[in-house]
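Enquirer: Could you look at this predicted model? Sequence included:
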Amino acid sequence: MSEDVARRWVGYLTTAFPNGRSDLSALSLDTKMSTFTADPDDEHVCALAIAGEAQVIFTFDQGYDRDALRSVGVEVMNPDEWLAELANEEPLLFRDVILRQAMAWGGGRTVGELLSALDRARVSEFVAVMRAILEV
């Protein structure tokens with residue numbers, strides 16, 4: 001990623017999370033993050049989730065030890081399954097959200113374009129539910 005793009009992302013994050021710091025001192029020095037994930041590159045995610053007392057990590061990654069994380073109060077959920085479940089529970093709400101998102105996205109796009117983009121983003125189950133709700 002270019003330096004320009006990196007600066008923009010940092011700007012987005014600091015704007016969206018102005019107090020976005022986590023105190024990792026609450027973690028015991030005996031806590032090994034490898035207990036919670038098979039991927040050393042994901043250990044910081046586990047540390048932040050535990051220190052920040054997160055309830056959920058949303059990820060497609062299968063390398064997290066769901067039972068170990070559950071033991072410290074953190075669930076690991078697949079975003080596609082979660083969104084599909086919520087859409088089935090609140091179809092009218094999600095219909096309205098998708099319609100508004102399509103109108104706002106890039107100055108206005110069709111619902112079909114938005115659903116295709118979501119499908120490419122790996123939330124196919126959610127897209128299928130939304131297509132049924134929207135009858136498209």
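Expert: All right, it came through fine.
Enquirer: can you pull the pLDDT of the most centrally placed residue in the chain?
Expert: When the chain is reduced to its mean C-alpha position, the closest residue under CA atoms, centre = their mean turns out to be Phe58, at 4.4 Å. Reported pLDDT at Phe58 in the predicted model: 94.
Enquirer: Over to the one 10 residues further on?
Expert: Reading off the confidence values, Ala68 has pLDDT 95.
Enquirer: and it, what helix or strand is that in?
Expert: Secondary structure from DSSP states H and E places Ala68 in helix 66-71.
Enquirer: in stretch 98-117, what's buried?
Expert: Counting neighbours by 16 or more other CB atoms under 10 Å, one finds that the buried residues in stretch 98-117 are Ile98, Ala102, Val111, Leu114, Leu115, Ala117. Backbone N, C-alpha and C define where each C-beta goes, glycine included.
Enquirer: So which of these belong to helices?
Expert: Secondary structure assignment by DSSP state H places Ile98, Ala102, Val111, Leu114, Leu115, Ala117 of those in helices.
Enquirer: any idea which of the residues you listed is the one closest to Leu13?
Expert: Ala117 (22.2 Å; CB to CB).
Enquirer: Check the gap between the closest one and Val127 for me.
Expert: 9 Å (CB to CB, to the nearest Å).
Enquirer: anything in contact with each of those two?
Expert: The overlap between the contact sets of Ala117 and Val127 (CB atoms under 8 Å, 6 or more residues apart in numbering) is empty.
Enquirer: What are the boundaries of the helices in the chain?
Expert: Listed in chain order, the helices of the chain (DSSP H) span residues 3-16, 43-51, 66-71, 79-89, 91-104, 111-120, 124-134.
Enquirer: Distance to Met33 added to those, as JSON lines?
Expert: Formatted as JSON lines, the entries for those read as follows, by distance: least, CB to CB, whole Å:
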{"stretch": "helix 3-16", "distance to Met33": "22"}
{"stretch": "helix 43-51", "distance to Met33": "4"}
{"stretch": "helix 66-71", "distance to Met33": "10"}
{"stretch": "helix 79-89", "distance to Met33": "22"}
{"stretch": "helix 91-104", "distance to Met33": "35"}
{"stretch": "helix 111-120", "distance to Met33": "32"}
{"stretch": "helix 124-134", "distance to Met33": "30"}
